[in-house]
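1. Predicted model follows, preceded by the sequence.
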Amino acid sequence: MQLDVDFIRDQFPAFAEPSLQGQGFFENAGGSYTCAPVITRLERYYRQRKVQPYYPFEASRLAGEEMDEARSRLAAVLNIEVDELSFGPSTTQNTYVLAQAFGQTLKAGDAIIVTNQDHEANSGPWRRLVERGIEVLEWQVDEAGHLDPAVLAGMLDDKVRLVCFPHVSNLVGEINPVAEICAMVRAAGAYSCVDGVSAAPHGLPDIGALGADIYLFSAYKTFGPHQGIMAINRKLADALPNQGHYFNESARYKRFTPAGPDHAQVAACAGMVDYLDVVHGHHFPPEPDAAARGRAMHHLTAAHEAALLEPVMEYLRGRNDIRLLGPQSAKGRVATVSLVANRPGYELAQALVPEGIMAGGGDFYAVRLLKALGVEPAHGALRLSFVQYTSKAEVEKLIKALDRIL
């Protein structure tokens with residue numbers, strides 16, 4: 001079965017927007033287009049429900065029900081319990097709050113492992129715990145930007161309490177073996193914190209199967225509103241100190257959101273599941289299990305993206321005037337490709353604008369990784385990222401544009 005890209009694109013108002021016509025969008029790793037069901041829900045909430053939720057009058061009752069619907073339906077797709085899912089203003093903010101909770105729990109001499117492959121959001125807040133006497137160890141990439149689980153195995157000892165690592169690097173695009181790493185960490189008596197921000201746009205994860213104690217991603221990169229989504233397993237959530245209002249301590253999904261959530265955006269997140277269900281129904285027979293629907297769509301979109309990615313990789317491998325970061329083939333990576341040339345990444349992105357290509361250039365908050373790869377962060381890279389709504393024609397246009405500017 002092949003993904004029906006035309007049907008997919010029909011679900012995104014951006015493709016009918018006159019101001020975006022004729023442009024190929026290749027900066028999806030920074031934020032995706034928003035699907036129609038999310039926009040519909042967001043507008044409806046602001047028009048009909050924009051009151052304090054959970055009171056007995058009709059508008060308030062419906063507002064609360066929509067927020068609860070978003071949590072329960074997303075949790076079902078992610079294969080976790082409803083009270084294991086929390087919303088926050090961003091993944092960076094969610095990670096910061098979690099770091100404060102761990103900082104209150106850990107004692108001097110305890111250790112946390114972070115990586116230099118991460119986006120700074122899943123690195124910086126944990127590194128700051130060194131100020132509290134916590135030892136921070138760095139699981140380092142090799143010269144290709146790869147994280148070797150065998151290296152991690154040699155770092156795990158009885159001092160390590162937490163291991164933080166990315167599901168996918170936002171720069172080199174490599175898919176790390178999350179389930180294997182989480183099992184290794186658990187066997188060592190530690191917890192795992194997985195940054196899934198660069199993985200989730202390519203298919204929502206089955207967190208239950210991955211076995212991560214904490215899994216974080218951003219809804220604005222999975223066709224939704226600007227919210228951070230975090231899953232924390234019950235055992236860990238109950239062990240960490242409450243970071244919210246004291247009277248909300250008994251509600252797990254409120255323990256790690258100190259500020260009140262954006263009600264409208266939380267409610268609109270149900271639109272991401274609306275979209276998934278519509279697309280699943282177009283491609284597959286009915287399936288009552290939400291997690292199974294998510295897995296089916298994950299496999300289907302991954303195959304579509306891999307087919308589009310291979311010609312891009314082949315083209316870039318054939319050039320001797322650029323450096324392609326990360327895995328050199330489509331296997332083992334998502335459709336996020338970064339390259340370094342003799343001009344700064346931002347300048348290359350600028351040169352693509354007249355070609356009708358929207359791309360990004362810079363360090364992408366992966367400064368430590370660029371340094372590890374011998375790339376000056378100020379020079380940066382050109383990043384090209386695409387998702388399920390990207391078409392074959394857009395990829396062909398991208399390759400021709402690259403040929404003209406490189």
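-> That came through fine. Numbers count the residues shown, from 1 in each chain.

2. Quick check: next helix or strand after the lengthiest helix in the chain?
-> Of all segments of type helix in the chain, defined using DSSP state H, the longest is helix 290-317. With elements assigned by DSSP states H and E, the helix or strand that comes after helix 290-317 is strand 323-324.

3. Which strands and helices lie in contact with that next one?
-> helix 290-317, strand 336-340 (3 or more CB pairs under 8 Å, 6 or more residues apart in numbering; DSSP states H and E). C-beta here means a position set from N, CA and C on the backbone, and glycine is covered the same way.

4. and the longest helix of the chain, how far out from the chain's middle?
-> Offset of helix 290-317 from its chain centre (CA atoms, centre = their mean, to the nearest Å): 16 Å.

5. could you give the angle of that helix to strand 336-340?
-> 20 degrees (axes from the mean of the first three to the mean of the last three CA atoms, to 10 degrees).

6. Can you point out the buried residues in helix 290-317?
-> By neighbour count with 16 or more other CB atoms under 10 Å, helix 290-317 contains the buried residues 290-291, 293-298, 300-302, 304-306, 308-309, 312-313, 315-316.

7. Next: stretch 338-351.
-> For stretch 338-351, by 16+ other CB under 10 Å, it's 338-341, 344-349, 351.

8. do you know how far L162 is from A99?
-> In this view, L162 and A99 are 10 Å apart by CB to CB, to the nearest Å.

9. These two: which is more packed in?
-> Using other CB atoms under 10 Å as the criterion, L162 and A99 rank with L162 on top: 25 against 22.

10. Mind exporting the C-alpha coordinates of the host helix or strand of P37 to CSV?
-> Using DSSP H and E, P37 sits in helix 36-44. Taking Å, rounded to 0.1, in the frame of the first residue of the first chain, the C-alpha atoms of helix 36-44 are listed here in CSV:
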residue,chain,number,x,y,z
ALA,A,36,-7.5,21.3,9.3
PRO,A,37,-9.1,19.4,12.2
VAL,A,38,-6.7,21.2,14.7
ILE,A,39,-7.5,24.6,13.1
THR,A,40,-11.3,23.8,13.2
ARG,A,41,-11.1,22.9,16.9
LEU,A,42,-9.0,25.9,17.8
GLU,A,43,-11.4,28.3,16.1
ARG,A,44,-14.4,26.6,17.6
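
11. and the following helix or strand past it, which residues are buried?
-> Remark: after helix 36-44, the chain's next helix or strand is helix 58-78, criterion DSSP H and E. Of all the residues in helix 58-78, those buried under the rule 16+ other CB under 10 Å are 62-64, 66-78.

12. I'd like the helices and strands packed on strand 323-324 written out as JSON lines, with mean pLDDT and distance to N248 added.
-> As requested, the helices and strands packed on strand 323-324 are arranged in JSON lines below (pLDDT from 0 to 100; distance: least, CB to CB, whole Å):
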{"stretch": "helix 290-317", "mean pLDDT": "97", "distance to N248": "27"}
{"stretch": "strand 336-340", "mean pLDDT": "98", "distance to N248": "37"}
